[in-house]
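1. below are the sequence and a predicted model; questions follow.
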Amino acid sequence: QAQFVESGGGLVQAGGSLRLSCLVSGRLYTTWAMAWFRQTPAGKDREFVGAMNWGGVATYYADSVKGRFTISKDIGKRTVYLQMNSLKSEDTAVYYCNWVGSGEAGPKAPWGQGTAVVVSS
């Protein structure tokens, strides 16, 4: 069964940058995508942030982060990254990774513990 270990969160000032990491264990699905989600302090549900096809380089993002966030991966390290630039206070959330179908936004595996990002204004 897939497991995820997210790391790299922290406290950052508005306009700053952070890079999150997600170590993936279990089976790797070359026809699926690895996605990032976030849950804000007031949010009930996890919001889709973006995803990258595991078997290719195609990426897609939510409008709220497009142009500021970039997803990449290192297959040999079984790790996917989320580079976050020009951070805003509304990016404050706990960030999670998960498998999704290619081009989709629905999670397919149990959640990891997430990593918290706090953006101070």
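-> Good, I have the coordinates. Numbers count the residues shown, from 1 in each chain.
2. local confidence estimate at the closest residue to residue 27 other than its chain neighbours?
-> Excluding the flanking residues, the one nearest residue 27 by C-beta to C-beta, 6 or more residues apart in numbering is residue 2, at 6.7 Å. Where you see a C-beta, it was placed from the backbone N, CA and C, and this is true even at glycine. What the model reports for residue 2 is a pLDDT of 85.
3. residue 2 against residue 23, yeah?
-> No - applying C-beta atoms under 8 Å, one finds residue 2 not in contact with residue 23, separated by 11.2 Å.
4. comparing those two, which residue is more hemmed in?
-> Under the neighbour definition other C-beta atoms under 10 Å, residue 2 and residue 23 were set side by side, and residue 2 has more, 18 against 15.
5. in the protein, where is pLDDT below threshold?
-> Counting by pLDDT under 70, the chain has no low-confidence residues at all.
6. in it, which residue is closest to the centre?
-> The central residue of the chain, meaning the one whose C-alpha is nearest the mean C-alpha position (C-alpha atoms, centre = their mean), is residue 36 at 2.3 Å.
7. grab the nearest non-local neighbour of it.
-> Residue nearest to residue 36 in three dimensions, not counting chain neighbours: residue 49, with 4.2 Å by C-beta to C-beta, 6+ apart.
8. and the residue nearest to the centre of the chain, which of the three is it?
-> Following DSSP: H, G, I helix; E, B strand; the rest coil, residue 36 is assigned to strand.
9. distance of it from residue 92?
-> Computed with C-beta to C-beta, to the nearest Å, the distance linking residue 36 and residue 92 is 15 Å.
10. what lines up beside the strand or helix carrying the residue nearest to residue 36 in the sheet?
-> Counting by DSSP states H and E, the element that carries residue 49 is strand 47-53. Within its sheet, and counting by DSSP bridges, strand 47-53 is paired with strand 32-39 (antiparallel), strand 59-61 (antiparallel).
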